[in-house]
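> Sequence plus predicted model, see below.
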Amino acid sequence: MSERVLSEQPYHYRRRALVEPDWRRLPGWRDVTEAEWRDAQWQRAHCVKNVRQLRAVYGDLLGDAFYADLERDQAERATMSLLLPPQMLNTMAPGQVPTAEALYADPVRRYMLPVFSDRDPAWPSHPHASRDSLHEAEMWAVEGLTHRYPTKVLAEVLPTCPQYCGHCTRMDLVGTSTPQVDKLKFHLKPVDRLDAMVEYLRRSPGVRDVVVSGGDVANMPWPRLEAFVDRLLEIDNIRDIRLATKALMGLPQHWLADDIRAGMHRLARTARRRGVSLAIHTHVNAAQQVTPLVAEATGAMLDAGVRDVRNQGVLLRGVNDSPAALLDLSFALLDEAAIMPYYFYLCDMIPNAEHWRLAVHEAQALQHAIMGYLPGFATPRLVCDVPYVGKRWVHQIESYDRDRGISYWTKNYRTGLERDDPAALTRSYEYYDPISTLPPAGQDWWRQHAARPVRAAG
Ligand code: SF4
């Protein structure tokens, strides 16, 4: 009887052991030793940055058509350049000798190694898509320090990462330029930029929470990162510090290195003494990326004294847009790696992202579908980062035109741009569903009312 009832549940939980895919299944890494694989320097030195290096890893496993598809994407659509540490690449098509077919179908490949044929052919970009779609640079209090929420700031301490995600919301700034996108450059020298951030925070007693991000803090020389966080820890009103690093998943070897563990231990000890919560926020989008090395690196950070490790994933079509994919990922994080499922963001309205984006009503359905399986404290919230507003839970919508895919949102605080704007708290702010998800009447409306951009603004 109980078996029959269980099998009727929409999702069936079973504990699954983590697996590190065997990198030796790939011709280019056939002779790579365990010691090399665990070495962060080896991983950084063997990152795949172009099609030639990808061919060297896969040998004859993928046909020319796949590489042509990738090259066309790099030339005509990509907003991020290629950068894949071996650890990240190895999580694509795990458990098999990959073929082009397997890679095309693979969720990690779809967001980390986008190809031209993935993109929406009719509307690669939404007419309202933009670089810096969240207007973070407009809200810089000083260069790189976004002050959007009253009590929280985002410190973009560097513009690089050990890996580049195809859908990166900070495509305006992060990474090297692509044929489609000339990246914004910081003007201040790194040391001056960090000094200016600390000075601003010293004179901002209303700020209690600093997200130290980029980019990815794993690319910052450790002594510089430690010195910066140490200075934040000296500011009396700063109570939460969150270090943002996708590398916990993409390059766990970095966080396992002895000098990094020792440095984190020093920071965590100071944080605890001062009563500050020091946490790591990572970014994992598919269950197969949670491997034993990721769990080990997370354990090392918790052992070093970090209070919590949380995941902020991105909701992406073809990657994790099903209840089972979200729950499998959340259980892998929570049960096997001690990472707290925290958020899944809707993919932002950046150029050439329509094939990844979900409509708000699809996200609402997913939020509904995952309720009740995870503990309440570990049930991730699905959130929409509404331009000029900030994160809103997907059910906080005020009104919604489903035909045209326009949702309307309000907010309860002023960003740094609106200190003197009396309408800021009563105005509605718009967010747009992908046009391909709209009914025919809505798609017709957009065809009549919008020019169809095919290129990211460079
Ligand atoms: S790790 Fe984060 S900042 Fe870096 S490319 Fe990916 S999404 Fe962008």
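All right, it came through fine.
> How about the residue sitting nearest the centre point of the chain: what's its closest non-neighbour residue?
Central residue of the chain (CA atoms, centre = their mean): His283, 4.8 Å from the mean position. Nearest non-adjacent residue to His283, counting by CB to CB, 6 or more residues apart in numbering: Lys246, 4.1 Å away. C-beta here means a position set from N, CA and C on the backbone, and glycine is covered the same way.
> returning to that earlier point: is it true that the residue nearest to the centre of the chain touches Asn311?
Yes. The pair His283 / Asn311 is scored as a contact, 7.0 Å apart, by CB atoms under 8 Å.
> Now do the same contact list for the residue nearest to Asn412 when sequence neighbours are not counted.
Distances taken as CB to CB, 6+ apart put Leu425 closest to Asn412, at 6.6 Å, once the chain neighbours are dropped. Applying CB atoms under 8 Å, 6 or more residues apart in numbering to Leu425 gives the contacts 410-414.
> likewise Ala65?
Contacts for Ala65 (CB under 8 Å, 6+ apart) come out as Ala100.
> Kindly recompute the last result at 6 Å.
Taking CB atoms under 6 Å, 6 or more residues apart in numbering, we find Ala65 in contact with no residue.
> Next, work out how far apart it and Val210 are.
47 Å (CB to CB, to the nearest Å).
> still on that earlier bit, look up phi and psi at the residue nearest to His283.
phi -70, psi -20 (degrees, to the nearest 10).
> What are the boundaries of the strands in this protein?
Along the chain, counting by DSSP state E, strands occupy 140-142, 145-146, 152-156, 209-213, 240-244, 277-282, 308-315, 340-346, 381-386, 390-393, 399-401, 406-409, 429-432.
> What about Asp259, how many residues nearby?
Look at Asp259: counted by other CB atoms under 10 Å, it has 9 neighbours.
> if you skip the residues just before and after it, what's nearest to it?
In space, and not counting its chain neighbours, Asp259 is closest to Trp222: 6.4 Å by CB to CB, 6+ apart.
> what do you get for Tyr67?
Val51 (5.3 Å).
> got a list of what that neighbour touches?
67, 70-71 are the contacts of Val51 under CB under 6 Å, 6+ apart.
> As a markdown table, the strands of the chain with distance to the ligand, mean neighbour count and mean pLDDT would be great.
Putting the strands of the chain into a markdown table (distance: least, CB to the nearest ligand atom, whole Å; neighbours: other CB atoms under 10 Å; pLDDT from 0 to 100) gives the following:
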| stretch | distance to the ligand | mean neighbour count | mean pLDDT |
| --- | --- | --- | --- |
| strand 140-142 | 17 | 18 | 95 |
| strand 145-146 | 13 | 24 | 96 |
| strand 152-156 | 9 | 23 | 97 |
| strand 209-213 | 7 | 21 | 98 |
| strand 240-244 | 7 | 22 | 98 |
| strand 277-282 | 9 | 22 | 98 |
| strand 308-315 | 7 | 22 | 98 |
| strand 340-346 | 10 | 22 | 98 |
| strand 381-386 | 13 | 22 | 97 |
| strand 390-393 | 16 | 18 | 96 |
| strand 399-401 | 27 | 14 | 98 |
| strand 406-409 | 23 | 20 | 98 |
| strand 429-432 | 20 | 18 | 97 |
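> Could you measure from the residue nearest to Tyr67 over to Tyr111?
Taken as CB to CB, the span from Val51 to Tyr111 is 18 Å.
> what do you get for Asp230?
For Asp230 relative to Tyr111 (CB to CB), the value is 35 Å.
> Neighbour count for those two, which is higher?
A direct count of neighbours by other CB under 10 Å for Asp230 and Tyr111 places Tyr111 higher, at 23 against 13.
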